[in-house]
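# Structure, please.
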Amino acid sequence: MTQTRAALRPTVLTALLAVLLSVLLAPPAPAAAAVSAASLQEVTGFGGNPGALRMYRYVPDGLPAGRPVVVALHGCTQNAAGYASGTGWTRLADRWGFSVVLPQQQSGNNLSQCFNWFQNNDIRRGQGEAASLAQMVDRQLADVSGDPSRVYVTGLSAGGAMTAVMMATYPEKFAAGGVVAGLPYGCAEAAGSPYVCMYVGATQTPGQWGDRARAARPGYTGPWPALTVLHGTADYTVRPANMTGLVEQWTDVHGADRTADVSDTVAGHPHQVFRGPEGNAVVETYSLTGMGHGQPVDPGTGDEQCGTAGAYFLDVGLCAAYRLGKAWELG
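Coordinates of the predicted model:
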């Protein structure tokens, strides 16, 4: 029987915790979007929607069938339209030819509109927000005749943490994910507190991290999504230790070691690639030197530039959406 959102209502203590975490993870609303909300389409009736989320999408004019789909999850206090334009994803969708699904949290679920990455009922397969996001993917693929083998998920902060949730709970739906200033799957539980997870990181071995992801999809034998992580070295809201946790979790899931096969710099920032047993890149990291908590962008009109600088959209000379798109061979 499908659980309703009312059946998942948290206790008063849990609700207070959600509010506090919302404040800590909350980026202020970004500056006025370069792409207006009118360019986005809201989609209703995309499934049972047990997480009570809203679905928006951006589909370039004349998009042919068989094109990729990117799911982009905003940070706290943000919304679909602001995240679409601030990150540069809609501009890249027009240039490279793919559609974008832009989920939006509601204040009834979380007062600061954070995706509930630390709530057990929202991070399990078939439940809550995770199930709603999976239903959005199915609806989008059906509506635009998208390529089900080329679906990708990414997000900032709480949205980055939900990206890891989706990679673990629905690995068959995603070819790859991009976590920006986020956290490993199961980090709040592993640390005993979301605060410890955010500010310190959880003490887990790579095998323990991997077991948490594998337990989210019992019996799964198919390919796991590849992961790209982008994190600021001066992030004091979600500590860079969480990037280490993500690397350990997903190299273990893929059966890779923790020795980087590529170590170089991109736009002046340290960059690493970890390859799996078959030689393919399974984890990639960008350590954004001196960057605080936010989404890296590189405003401008150059081929590698995208995004709009603003609150928690940080101009560091590297655009996360472009780097993710190239890793995913979108263009």
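# after the longest helix along the chain, next one along is what?
In the chain, assigned by DSSP state H, the helix with the most residues is helix 128-144. Toward the C-terminal end, the helix or strand that comes next after helix 128-144 (DSSP states H and E) is strand 151-156.
# Strand partners (parallel or antiparallel) of that next one?
strand 69-73 (parallel), strand 176-180 (parallel) (DSSP bridges).
# Tabulate those strands in TSV, adding columns for mean neighbour count and distance to residue 237.
Quick note: C-beta positions are derived from backbone N, CA and C, even for glycine. Below are these laid out as TSV (neighbours: other CB atoms under 10 Å; distance: least, CB to CB, whole Å):
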stretch	mean neighbour count	distance to residue 237
strand 69-73	27	17
strand 176-180	28	12
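# and those as a markdown table, adding distance to residue 194?
Conversion of those to a markdown table gives the following (distance: least, CB to CB, whole Å):
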| stretch | distance to residue 194 |
| --- | --- |
| strand 69-73 | 17 |
| strand 176-180 | 16 |
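# Could I get the ones you listed in JSON lines, plus columns for mean pLDDT and distance to residue 315?
Putting the strands paired with strand 151-156 into JSON lines (pLDDT from 0 to 100; distance: least, CB to CB, whole Å) gives the following:
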{"stretch": "strand 69-73", "mean pLDDT": "98", "distance to residue 315": "19"}
{"stretch": "strand 176-180", "mean pLDDT": "98", "distance to residue 315": "15"}
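# closest to residue 314 out of those?
Between residue 314 and these, the shortest gap by CB to CB is with strand 176-180, which sits at 10.5 Å.
# ok, residues contacting the closest one?
By CB atoms under 8 Å, 6 or more residues apart in numbering, the surrounding residues in contact with strand 176-180 are 152-157, 159-161, 163-164, 166-167, 225-231, 246, 295-296, 320, 324, 327-328.
# Mind checking which of those land in helices?
Going by DSSP H, the helices hold 159-161, 163-164, 166-167, 246, 320, 324, 327 from the contacts of strand 176-180.
# so which helix or strand takes in the closest residue to residue 313 other than its chain neighbours?
In this structure, residue 313 finds its nearest non-sequential neighbour in residue 86, 4.5 Å apart by CB to CB, 6 or more residues apart in numbering. Element membership for residue 86, per DSSP H and E: helix 80-87.
# and the angle from that helix to strand 151-156?
90 degrees (axes from the mean of the first three to the mean of the last three CA atoms, to 10 degrees).
# tell me the mean pLDDT over helix 80-87?
For helix 80-87, mean pLDDT rounds to 96.
# Whichever helix or strand comes after it versus strand 69-73: what angle between them?
Next helix or strand after helix 80-87 toward the C-terminus (DSSP H and E): helix 89-96. With the same axes, to 10 degrees defining the directions, helix 89-96 sits at 170 degrees from strand 69-73.
# Check the offset of helix 89-96 from the chain's centre.
Relative to its chain's centre, helix 89-96 lies at 18 Å (CA atoms, centre = their mean, to the nearest Å).
# what's the answer for stretch 143-153, then?
Its chain's C-alpha centre and that of stretch 143-153 lie 16 Å apart, by CA atoms, centre = their mean.
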